[in-house]
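# okay, sequence plus prediction incoming.
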Amino acid sequence: MIMKTTIDLAEYNNLITDIFKQPKTKEEWDQYRLSDEQVHHFQEFGYVSGIKLLDENHIDLLRKELNEIQDPKHPGHHLFHEFHSNESTNKDSVLFHSLGHWRIGEAFHDILWNPAFVMAASQLLGNKSVRFWHDQLFCKPAKHGGVVAWHQDYSYWTRTVAMQHLTCWIGLDDATTQNGCLHYIPKSHKWGLLDAPVLAGDMDGLMEYLSTEQKEEFKPTAIELKKGYATFHHPLMVHGSYENYSDISRRACVLNVFADGTLSDTNTELLKGVPIIEKGQKMEGKFFPLLFDASKC
């Protein structure tokens, strides 16, 4: 049963509901493994998509929590690291974006330990143990949903080293080219680190940082997904999403993780409201819980 709470769920570094059943044997874990072909596709192109993570019940629970926590008057609102009712720089568009909802909603908390997610994440990180970095919500309402400009995730994460991060984007609605699905630039994860544009600003702001050769290789691939399905991408993958002018909303949750052993590279706070982890110290503790121990599988 899911209940609204004002407790900081970061105090619980394990499952608090029975929403996501946990495997008990190696054989049970193996059912969630990606194929060798899927892992190779990720390595070659920088992403792998079409991975089912949620069933209808999961989606219903997450949507219900999303509707509740989007209200700035929600009693757990102070627990967000970031909350933007509209981050779009276009006055005619809306892009809801937040970080930290795992601290507020039980379903959003427990999705971190979804076995289908953590197994795939471990494989794509080189069969390493997986530690949580932060979550995000991106919501584009019907008819006037805003863009997420072309960018690389790690360009916003250089305060953590080494670069051994991974992003998982999960649709809570069907995502299509009509309602603003994610787009990738295949193989752009091999370009190296680029400068960071304004995330909800000019869609093509990144172009000024690209070489002539990179501009020639800039060929977007649309990642259309049914709700409950996910796509994983490399921290240097160039990606973005266009406006939603359709009659259907486009809601998505994002789980960002890194391999266990990642260090802080700053003496300032890594996320708003999180105690400082000094430069050179391991990223761990209640805000960066271990999600998957690779040695046990």
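Alright, I've got the coordinates.

# for stretch 221-241, buried residues please.
223-225, 227-241 (16 or more other CB atoms under 10 Å). Bear in mind the C-beta positions are built from the backbone N, C-alpha and C, glycine included.

# shaky segments in the stretch 51-200 of the chain?
200 (pLDDT under 70).

# what ranges do the helices span in it?
56-69, 106-110, 115-124 (DSSP state H, counting those that start in this stretch).

# chain neighbours aside, what residue packs nearest to E284?
R131 (7.0 Å; CB to CB, 6 or more residues apart in numbering).

# neighbours around the one you found, how many?
22 (other CB atoms under 10 Å).

# quick one, what contacts it?
Each residue near R131 by CB atoms under 8 Å, 6 or more residues apart in numbering is listed here: 257-260, 262, 283-284, 288-291.

# that older thread, so which of the helices of the stretch 51-200 of the chain is nearest M203?
Closest of these to M203 is helix 56-69, at 24.9 Å (criterion: CB to CB).

# now the closest one: buried residues?
Within helix 56-69, the residues that count as buried by 16+ other CB under 10 Å are 58-59, 61-63, 65-66, 69.

# can you give me how far that helix is from the chain middle?
17 Å (CA atoms, centre = their mean, to the nearest Å).

# go on, stretch 103-121?
On CA atoms, centre = their mean, the centre of stretch 103-121 falls 11 Å from the chain's centre.

# again with stretch 173-184
15 Å.

# which residues sit against it?
By CB under 8 Å, 6+ apart, stretch 173-184 touches 45-47, 140, 142, 145, 147, 169, 220-227, 231, 233, 237-246, 248-252.

# sort out for me which of those residues are in helices.
Among the contacts of stretch 173-184, DSSP state H puts F45 in helices.

# near the residue lying closest to L79 once chain neighbours are set aside, how many other residues are there?
Using CB to CB, 6+ apart and skipping the chain neighbours, the partner closest in space to L79 is R103 (4.3 Å). Close neighbours of R103, defined as other CB under 10 Å, add up to 25.

# where's the residue nearest the centre of the chain, which helix or strand?
Taking CA atoms, centre = their mean, the centroid of the chain lies closest to V254, which sits 2.4 Å from it. Element membership of V254 [criterion: DSSP states H and E] is strand 250-259.
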